[in-house]
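# Requesting a structural model of the entry that follows:
(2 chains)
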Amino acid sequence: MAVSELKPGQRGRVTHVNGTGAIRQRMLDMGILPNVVVEVERHAPAGDPIWIKLQGFQLSLRRKEAEAVLVAAL
Amino acid sequence: MAESSVTTRVALAGNPNSGKTSLFNALTGAHQHVGNYAGVTVEKRQGRYGHNGRRHDVLDLPGTYSLSSYTPEERIAQDELLDRGHDVVVVVVDSTALKRSLVLLAQLMQTGATCVLCLNMADEARHAGQQLDRQLLSKLLGVPVVETVGHRGQGVDRLREAIASVAHRQPGPSRVVLGERLDRAIAAVGLHLVGSEIPDEHHPWVATKLLLADPLLEERVRRGPGGEDAIGEAARQRRSIEAEVARDIALYVMECYYGFVDGLLRQTLVQPPREDARALSDRIDSVLAHRALGLPVFLAAMYAIFWLTFTAGEIPMRWIESGFAALGSSVAGLWPVGSSSPLRSLLVDGVIAGVGGVVVFLPNIVLLFMCLALLEDTGYMARAAFLMDRVMHRFGLHGRSFVPMITGFGCSVPGIMATRTLEHEHDRLATMLVLPLMSCGARLTIWMLLIPAFFAPRWRAPVLWSIYLAGIVLALLLALLLRRTVLKGEDAPFVMELPPYRLPTARAVVVKMTERSWLYLRKAGTVILAISILMWLITSYPKAPGGGAASLERSVAGRVGRAMEPALGPLGLDWKVGTALIGAFAAKEVFVAQLGIIYSVGETDTDRGAERLRQKLRRDYTPLSAMSLMLFLLIATPCMATLAVTRRESGSWRWALLQIGGLTLLGYGVALVFYQTGRLLVG
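As a prediction, this is how the structure comes out:
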């Protein structure tokens, strides 16, 4: 499943980082890599963007970006 | 000690949000200069300091997460590092986000740069219980490691010492170990780079980029001897690696970087930061970023900021107003009463009135910048961007576009300057270009004159509201258009860091506030001064005997107004408005004053004077043509201050001219359609 499908409070272990170009590179640069655990903190009004926690810091991703990050729910 | 003639060139690199700029300010103090990189919206910040008799030039590189080639910021950072031979690169790191930051350090080390690792925000890391064996880390990396608290100016001397200690070291072999397979591939590609124009110390980095099939570096390498071979070898290695590890190369390389960093931290991170270090910040976010509460709280905060800047700014504004009026009278008093000396008129009506008209807003501007600096430095701006992004993105903008645009309701100039917080060029430009559509405070003086003149009391508020709304709607639509045409391009990543809330130091806020206010003032002193004089010239000459309205009609501005009449006719307007519009280019408030002169009504800033003007206007125009005029004024002809600041922030005249040209065309079109449709419907 994708990070965009996780509910606030749910965690997942990254399995794939899809996407292309600058967006994918930015996610890799930020440390969103396979085997990293991410936790969804909250959604913005209307469900987009999504606030996540990982590796000791916090990020927000647009829904479309979050759809590219596949996780195994924990 | 005599000053050495050798200058040490230092570059500061690091992630956005690492406190790099505060550190830069602490290092260079007042000796800094902010400009733009040619042709792009990226800020170029340079400064200098002296240490042990030697001069150090410091360049604050744009904040980057890595040295990829995707965004203008990253390309600029990479170019600076590969081309301009900095003696020392200080990598400024948020000590509480070590892993990610050390990846950037690894990449910089691969470029052969002589690095210093600066663990900034060390106070927060310590507070979170983090313990790092700095000496061991320094030994493993071969790089000095210094702790600093940039925004308090702590550790800066140690940093200067560290910089001096490595400044003229010869580049040595890279200490970055990325794993046997990747290192082997890098070496293989590097072999083909030997004998090329690329300096030896850059080879590891360039080889890595070739493995990643980076088009910019392929271009660079292709131009020299052995280039094609290197590229070919890189392709071979890449295919081989991807087959072996069953992943694409970009992912594999990043995993190797993180592997290297993990290894370093395993040995040196004695105590990781506590999990709950951000607990307070997170609790605050549960309210401020709340799915339902967040937006109302944010809108209330924005309202409070505006209320503050306009009421608290009121009193100093009055002082400045009277100050300039007094200045005007005393300069005028230097000539005998009734004198029509051109110099006197130039000074009093041109220079003092023109410059004064802009400087009078300084208190509002300073307060506004202070509030914006607070929003930014506390970290709240990132939350605002998070809340607003959905709406903004729909129109091709960015969550961070919201605050600059709202600021535009006060004045476009600080609004456009506030677009610096936008990381990506297309977002920044789109926001900048449409910002003048946010009906500013100066235009309000025009609405306050025209609306009561033509509309019955119960219609006045709705009409005012519809003007503001028209501006907002047009801004969003225009942004969308821009993003589909001129500013077309791949969507920039939104992936945005949300740092913990921080209490900004008074010093940091004051520095930001004064820097931007000073820029605003300088604009008054230069561009506006020049244009005020020009405006004075074309509205005063040639003169007619008796002065007043006849004189204005005779002047260059009057003639241009007359010449414009055929174009203005279809909008329901005439030459008088045309002439007043020319003055409005200087500053929108001037429009009212100029209309006053044309209609021979003095003192348009008193209630009585304004009412007399309204009566005269009613004779010449209808509500329909008044509305057409207001639409034109809303959209077309941003004032010269706006033009000047757009030029500055966008880095080239091209965008400023596009802005004024596009908006004028749009304004003309909208007013035309409105008026003609109205005529058809109402007759």
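
# ok, the residue lying closest to B:V92 once chain neighbours are set aside - contacts?
Leaving aside its sequence neighbours, B:V92 sits nearest to B:G14 (CB to CB, 6 or more residues apart in numbering or on different chains; 3.5 Å). Quick note: C-beta positions are derived from backbone N, CA and C, even for glycine. By CB atoms under 8 Å, 6 or more residues apart in numbering or on different chains, B:G14 lies in contact with B:K20, B:L61, B:G63, B:T64, B:V91, B:V92, B:V93, B:S101, B:L104, B:C118, B:N120.

# Filter these down to just the ones in strands.
Among the contacts of B:G14, DSSP state E puts B:V91, B:V92, B:V93, B:C118, B:N120 in strands.

# Beta-bridge partners for the third one, please?
Bridge pairing for B:V93 (DSSP bridges) gives the partners B:L119.

# B:V116 is in contact with that one, correct?
No. Between B:V93 and B:V116 there is no contact under CB atoms under 8 Å: 10.8 Å.

# Please say which of these two ends up with more neighbours.
B:V93 (28 against 25; other CB atoms under 10 Å in any protein chain shown).

# Around the closest residue to B:L631 other than its chain neighbours, count how many other residues there are.
Leaving aside its chain neighbours, B:L631 sits nearest to B:A671 (4.8 Å; criterion: CB to CB, 6+ apart). Per other CB under 10 Å, the neighbour tally for B:A671 reads 26.

# Is B:A671 in a helix, a strand, or coil?
helix (DSSP: H, G, I helix; E, B strand; the rest coil).

# Could you see whether chain A lies near stretch B:236-252?
Yes. For stretch B:236-252, a contact with chain A is found by CB under 8 Å from any CB of the partner chain, at B:A250, B:L251.

# then the helix or strand containing B:G232 to CSV, C-alphas only?
In this structure, B:G232 sits in helix B:227-245 according to DSSP states H and E. Taking Å, rounded to 0.1, in the frame of the first residue of the first chain, the C-alpha atoms of helix B:227-245 are listed here in CSV:
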residue,chain,number,x,y,z
GLY,B,227,34.7,12.3,-22.1
GLU,B,228,32.9,9.9,-24.3
ASP,B,229,34.9,7.0,-22.9
ALA,B,230,34.1,8.0,-19.4
ILE,B,231,30.4,8.3,-20.2
GLY,B,232,30.5,4.9,-21.9
GLU,B,233,32.2,3.3,-19.0
ALA,B,234,29.7,4.8,-16.7
ALA,B,235,26.8,3.4,-18.7
ARG,B,236,28.5,-0.1,-18.6
GLN,B,237,29.0,0.1,-14.9
ARG,B,238,25.5,1.3,-14.3
ARG,B,239,23.9,-1.5,-16.2
SER,B,240,26.1,-4.0,-14.4
ILE,B,241,25.2,-2.6,-11.0
GLU,B,242,21.5,-2.4,-11.7
ALA,B,243,21.5,-6.0,-12.7
GLU,B,244,23.5,-7.1,-9.6
VAL,B,245,21.5,-5.2,-7.0
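
# Only alpha carbons, please: show stretch A:51-69 as PDB.
Below are the C-alpha coordinates for stretch A:51-69, written out as PDB (Å, rounded to 0.1, in the frame of the first residue of the first chain):
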ATOM      1  CA  TRP A  51       2.500  15.000   7.500                       C
ATOM      2  CA  ILE A  52       4.900  12.200   8.200                       C
ATOM      3  CA  LYS A  53       7.600  11.400  10.700                       C
ATOM      4  CA  LEU A  54      10.700   9.400  10.000                       C
ATOM      5  CA  GLN A  55      14.300   9.000  11.200                       C
ATOM      6  CA  GLY A  56      13.900  11.700  13.900                       C
ATOM      7  CA  PHE A  57      12.500  14.500  11.700                       C
ATOM      8  CA  GLN A  58       9.100  15.500  10.100                       C
ATOM      9  CA  LEU A  59       8.100  16.100   6.600                       C
ATOM     10  CA  SER A  60       5.000  17.000   4.600                       C
ATOM     11  CA  LEU A  61       4.300  15.400   1.200                       C
ATOM     12  CA  ARG A  62       1.700  16.100  -1.300                       C
ATOM     13  CA  ARG A  63      -0.800  13.200  -1.800                       C
ATOM     14  CA  LYS A  64       0.600  12.600  -5.200                       C
ATOM     15  CA  GLU A  65       4.100  12.300  -3.800                       C
ATOM     16  CA  ALA A  66       2.900  10.000  -1.000                       C
ATOM     17  CA  GLU A  67       1.300   7.700  -3.600                       C
ATOM     18  CA  ALA A  68       4.700   6.900  -4.900                       C
ATOM     19  CA  VAL A  69       6.000   5.600  -1.600                       C
END
